[in-house]
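# missing the sequence, but the structure's below:
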């Protein structure tokens, strides 16, 4: 008997790979998305599977969420565990500075989805959070920031971007509270810079670089990029982390887990690597504009999830970029 998974944001970067892997293992997935930052293309290969049910639902639509609840209750008796995974989020950089664009989905939507999971008697709830909560203190000299490190957030007068981070941090408190009160088992995941070959919007740094190089052979970057360094997590690895935690009972203690790679790269070297993959040996870089409260580095320590679940990232950055380039050429 397979398990039943309910996945919000199922056509997004982590959600679509979750649905693919879960149905491939014989589990039933009920997924929904409102296509804010994705399309049905990401799951078209499994749309015909009897193990995958898709709805064009909005997590903020109470009527649609009530219909989802009724469907889950009807399906639940025929399966093993019932697992809720919240991948729905407003994540694009252009929205970070506008609290009204992120609060409803990231905070209220998450809380309502968690409440539904408790109401239907779900066994597990996985809350996808973000490494943005580390704000300006997002690296350290001893291998990256840890989940237990104190957070040093930029304040409201310094950066409206902080509103996104604070909203996501609040969801982690909802998760911890629900577990502490014995209402459900679960945890939160702080992802760092997830990417996939299916990302539609070239506003995150990696797809921006790839699209720019393809169109003109040059890339426009912020002045911050002269110094910035980042790690990038392929969605196959973000998905495997979700499943590793969901399948490890001792890890579902309401706490938080960093999920990232330690393959750090400067943004300038990232452009060069992308250019190399695309046959552009010397891509032109144009520096224009500056963004406040943009940390020079974001490096996460992942010892906690590795020690508790055995998870490790499998996709190198070179492998992931090659996959993205091949997808663009189709």
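Cool, the structure landed. Worth saying up front: this structure is predicted, and the values here are computed from it rather than measured.

# For the nearest residue to residue 75 once chain neighbours are set aside, give me its contacts.
Spatially, and ignoring its direct neighbours in sequence, residue 75 is nearest to residue 4 (5.7 Å; Cβ to Cβ, 6 or more residues apart in numbering). Any C-beta I mention is one placed from the backbone N, CA and C, and that applies to glycine too. By Cβ atoms under 8 Å, 6 or more residues apart in numbering, residue 4 lies in contact with 27-28, 30, 72, 75-76, 78-83.

# can we see that at 7 Å?
Applying Cβ atoms under 7 Å, 6 or more residues apart in numbering, we find residue 4 in contact with 28, 75-76, 79, 82.

# For it, give the beta-bridge partners.
Counting by DSSP bridges, residue 4 is bridged to residue 28, residue 82.

# now the contacts of residue 4 in CSV, with neighbour count?
Below are the contacts of residue 4 laid out as CSV (neighbours: other Cβ atoms under 10 Å):
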residue, neighbour count
28, 21
75, 15
76, 16
79, 15
82, 20
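
# quick one: which of these is nearest residue 216?
residue 28 (45.3 Å; Cβ to Cβ).

# List the contacts of that closest one.
Counted by Cβ under 7 Å, 6+ apart, residue 28 has contacts 2, 4-5, 51, 75, 79.

# Then residue 262?
So residue 262 contacts residue 231 (Cβ under 7 Å, 6+ apart).

# hmm, try it at 10 Å
Contacts for residue 262 (Cβ atoms under 10 Å, 6 or more residues apart in numbering) come out as 143-144, 231, 299-302, 313.

# ok, now residue 249?
123-124, 185.

# can you redo the contacts of residue 28 as a markdown table with pLDDT and distance to residue 151?
Below are the contacts of residue 28 laid out as a markdown table (pLDDT from 0 to 100; distance: Cβ to Cβ, whole Å):
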| residue | pLDDT | distance to residue 151 |
| --- | --- | --- |
| 2 | 95 | 39 |
| 4 | 98 | 35 |
| 5 | 98 | 31 |
| 51 | 97 | 40 |
| 75 | 97 | 39 |
| 79 | 96 | 38 |
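
# Longest helix of this protein, counting residues only.
helix 162-180 (DSSP state H).

# Residue 266: which of the contacts of residue 262 is nearest?
residue 231 (11.3 Å).

# Is there a neighbour count for the closest residue to residue 252 other than its chain neighbours? I'd like the number.
For residue 252, ignoring the flanking residues on the chain, the nearest one in space by Cβ to Cβ, 6+ apart is residue 185 at 3.9 Å. Residues near residue 185, counting by other Cβ atoms under 10 Å, number 19.

# looking at it, residue 185 is touching residue 122, isn't it?
Yes. Using Cβ atoms under 10 Å, residue 185 makes contact with residue 122 at a distance of 8.9 Å.

# what residues are shared contacts of the two?
residue 83.

# Contacts only, for residue 100.
residue 163.

# Make sure it is indeed in a strand.
No. Inclusion of residue 100 in a strand is not indicated when DSSP: H, G, I helix; E, B strand; the rest coil is applied; the result is helix.

# Mind pulling the model confidence for it?
pLDDT recorded at residue 100 is 74.

# how far away is it from residue 108?
Per Cβ to Cβ, to the nearest Å, residue 100 is found 12 Å from residue 108.

# quick one, phi psi at residue 280?
As for residue 280, its main-chain torsions (degrees, to the nearest 10) stand at phi -120, psi 90.

# how much space between it and residue 269?
The value you get for residue 280 to residue 269, if Cβ to Cβ is used, is 14 Å.

# which of those two has more neighbours?
residue 280 (17 against 11).

# residue contacts, that one?
So residue 280 contacts 213-214, 217-219, 271-272, 274 (Cβ under 10 Å, 6+ apart).

# Would you convert the contacts of residue 249 into a markdown table that also reports distance to residue 293, pLDDT and secondary structure?
Formatted as a markdown table, those follow (distance: Cβ to Cβ, whole Å; pLDDT from 0 to 100; DSSP: H, G, I helix; E, B strand; the rest coil):
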| residue | distance to residue 293 | pLDDT | secondary structure |
| --- | --- | --- | --- |
| 123 | 39 | 98 | coil |
| 124 | 35 | 98 | strand |
| 185 | 35 | 98 | strand |
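
# nearest to residue 323, of these?
Out of the contacts of residue 249, the member with the shortest distance to residue 323 (by Cβ to Cβ) is residue 124, at 29.7 Å.

# Would you mind confirming that that closest one makes contact with residue 178?
No. Contact criterion Cβ under 10 Å: residue 124 and residue 178 do not qualify, at 11.3 Å.

# Now do the shared contacts for these two.
With Cβ under 10 Å, 6+ apart, residue 124 and residue 178 have common neighbours 117, 184-186.

# List the buried residues of stretch 138-157.
138-139, 144-145, 147, 153-154 (16 or more other Cβ atoms under 10 Å).

# swap in stretch 114-123?
114, 116-117, 120, 122-123.
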